[in-house]
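Trainee: just a sequence and a predicted model for now, questions to come.
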Amino acid sequence: MREQSLAGQAAFAPANTADIADAMIVSSGLRVEVDRRRGRGAGLNPTGRFEPLQRETVDDGWQTWEELPPFKTEVQVEKPRTAITRNESPDLSFDRSINPYRGCEHGCIYCFARPTHAYMGLSAGLDFETKLFAKPDAAKLLERELAKPGYKVRVIAIGTNTDPYQPIEKEWRIMRGILEVLNKANHPVSIVTKSAMILRDLDILQEMAGKNLVRVGISVTTLDRKLARTMEPRAATPPRRLETIHTLAEAGIQTAVMAAPLIPALNDHELERILESAKAAGAAEASYVILRLPLEVSPLFRDWLLQHYPDRYRHVMSLVRSMRGGKDYDAEFGKRMKGAGPYAWQIARRFEMAARRFGLTRRSVPLRDDLFVPPDGSGVQLSLL
């Protein structure tokens, strides 16, 4: 094991030294052996950006690689004080959300939530996919928050950071508990997922849909099985996601397709096919998001691109930077989701035309917030006044 200061390391190099950073990523030995990360998305596991030292495993010639175990999924319990997270972002359609899990086993290489693992002292790379945190008390905390005097009802968004229906939900069932609380309280909710596991909760979702309290967005990134397998290794296959859209729509649930993220010169040519297929499956509306590469996501994505699509690497990154003011990412509100410049404009026009052609421009019916019935308040701290 070798340690060195993180200052100036390639993983966090500024955009104008990106080519040098690319070369360092490939040659520095940071890439984890294939056998140890089989079935995972990231090829790197860089030290978290808040850590004072970077640790790098180096082969000393004594075949020590064989002694290192493969990355396995580990789940720790997290005990937050609240279930609802608030935000004031002007380019988000919601002001509150719930995240049942921290980290995501789906392993999507492009996931913009990866950098949040640094707050736990962990890597945005393989740690994000394998060292997960579950919040088993989320439903109880939510019930208490909804019961507080003065609580104002707004749509709660779930799945905006990590997927609430990632594989470990099958065992932990935290999302189902949350839905049970929301359904009982007649509270509106919006869900985003790329997992077919959401159909497990079809009984609750159907009941909520009958009161116009739920809408679901299914993320369809590509229709190419090979690309999906490498880019989103533990997520549902593209056909399975389309089947999920169909089942949800047939059950009377407001269902949308999210073509996200669109990656130039990699999957953006599929935009029209994705929308057409989703419409045929039953989707009523659509949206899209351009690839976002904040913080550690940039070197992780670039390394993945060099591994799987080296012939497209320069072209993809050139187009990405053309939409981000010459950088890998621009976090400016109003631009971070859609990008800027000629190529971003072209994608926006294509989306508008395709959505109109396939009848995906209909706005969803606003979810009701007038049916809310506060929980009985058991467990809520009483006022001292």
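Mentor: Cool, the structure landed.

Trainee: so where do the strands sit in this protein?
Mentor: Ranges of strands within the chain are 2-5, 53-56, 74-77, 84-86, 96-98, 101-102, 131-134, 156-158, 189-193, 214-219, 254-262, 285-290, based on DSSP state E.

Trainee: closest one to residue 231 among the ones you listed?
Mentor: For residue 231, the closest of the strands of the chain is strand 254-262, at 9.9 Å, according to CB to CB. For glycine as for every other residue, the C-beta is placed from the backbone atoms N, C-alpha and C.

Trainee: counting by contacts, list what the closest one packs against.
Mentor: Other elements packing on strand 254-262 under the criterion 3 or more CB pairs under 8 Å, 6 or more residues apart in numbering; DSSP states H and E are strand 214-219, helix 238-250, helix 271-281, strand 285-290.

Trainee: mind putting the strands of the chain into CSV with mean neighbour count?
Mentor: Conversion of the strands of the chain to CSV gives the following (neighbours: other CB atoms under 10 Å):
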stretch, mean neighbour count
strand 2-5, 10
strand 53-56, 15
strand 74-77, 12
strand 84-86, 14
strand 96-98, 21
strand 101-102, 23
strand 131-134, 20
strand 156-158, 23
strand 189-193, 23
strand 214-219, 25
strand 254-262, 23
strand 285-290, 20
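
Trainee: so which of those strands gets nearest residue 37?
Mentor: strand 131-134 (13.4 Å).

Trainee: any chance you could list what contacts that closest one?
Mentor: Contact with strand 131-134 is made by 73-78, 100-105, 117, 120, 122, 166, 168, 172, 174, as judged by CB atoms under 8 Å, 6 or more residues apart in numbering.

Trainee: adjacent strands (with direction) for it?
Mentor: strand 74-77 (parallel), strand 101-102 (antiparallel) (DSSP bridges).

Trainee: can I get the strands of the chain in JSON lines with distance to residue 235 and mean pLDDT?
Mentor: Listed next are the strands of the chain as JSON lines, based on distance: least, CB to CB, whole Å; pLDDT from 0 to 100:
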{"stretch": "strand 2-5", "distance to residue 235": "34", "mean pLDDT": "45"}
{"stretch": "strand 53-56", "distance to residue 235": "29", "mean pLDDT": "77"}
{"stretch": "strand 74-77", "distance to residue 235": "18", "mean pLDDT": "98"}
{"stretch": "strand 84-86", "distance to residue 235": "23", "mean pLDDT": "94"}
{"stretch": "strand 96-98", "distance to residue 235": "20", "mean pLDDT": "96"}
{"stretch": "strand 101-102", "distance to residue 235": "14", "mean pLDDT": "98"}
{"stretch": "strand 131-134", "distance to residue 235": "15", "mean pLDDT": "98"}
{"stretch": "strand 156-158", "distance to residue 235": "17", "mean pLDDT": "97"}
{"stretch": "strand 189-193", "distance to residue 235": "9", "mean pLDDT": "98"}
{"stretch": "strand 214-219", "distance to residue 235": "8", "mean pLDDT": "98"}
{"stretch": "strand 254-262", "distance to residue 235": "13", "mean pLDDT": "97"}
{"stretch": "strand 285-290", "distance to residue 235": "16", "mean pLDDT": "96"}
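
Trainee: one step back: and the strands paired with strand 131-134 as JSON lines, adding distance to residue 90?
Mentor: Output for these, formatted as JSON lines (distance: least, CB to CB, whole Å):
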{"stretch": "strand 74-77", "distance to residue 90": "34"}
{"stretch": "strand 101-102", "distance to residue 90": "25"}
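
Trainee: what about residue 302, how many neighbours?
Mentor: 23 (other CB atoms under 10 Å).

Trainee: distance of it from residue 344?
Mentor: Distance, residue 302 to residue 344, by CB to CB, to the nearest Å: 20 Å.

Trainee: and what of residue 351?
Mentor: Separation of residue 351 from residue 344 (CB to CB) stands at 11 Å.

Trainee: what of residue 303?
Mentor: From residue 303 to residue 344 the distance is 24 Å (CB to CB).

Trainee: please identify which of those two sits among more neighbours.
Mentor: The neighbour comparison of residue 303 against residue 344 (other CB under 10 Å) goes to residue 303, with 23 against 19.

Trainee: burial measure for residue 226, as a count.
Mentor: Here the count is done by other CB under 10 Å, and residue 226 has 9 residues near it.

Trainee: again but with residue 342, I slipped
Mentor: 9.

Trainee: just the pLDDT at it, thanks.
Mentor: At residue 342, the pLDDT value in this model is 97.

Trainee: surely it touches residue 349?
Mentor: No: using CB atoms under 8 Å, residue 342 makes no contact with residue 349, being 10.6 Å away.

Trainee: hmm, back to that, with distance to residue 317 added, can I get the helices and strands packed on strand 254-262 in CSV?
Mentor: CSV is the format used below for the helices and strands packed on strand 254-262 (distance: least, CB to CB, whole Å):
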stretch, distance to residue 317
strand 214-219, 23
helix 238-250, 25
helix 271-281, 20
strand 285-290, 14
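
Trainee: closest one to residue 143 among those?
Mentor: Nearest to residue 143, of the helices and strands packed on strand 254-262 and by CB to CB, is strand 214-219 at 17.9 Å.
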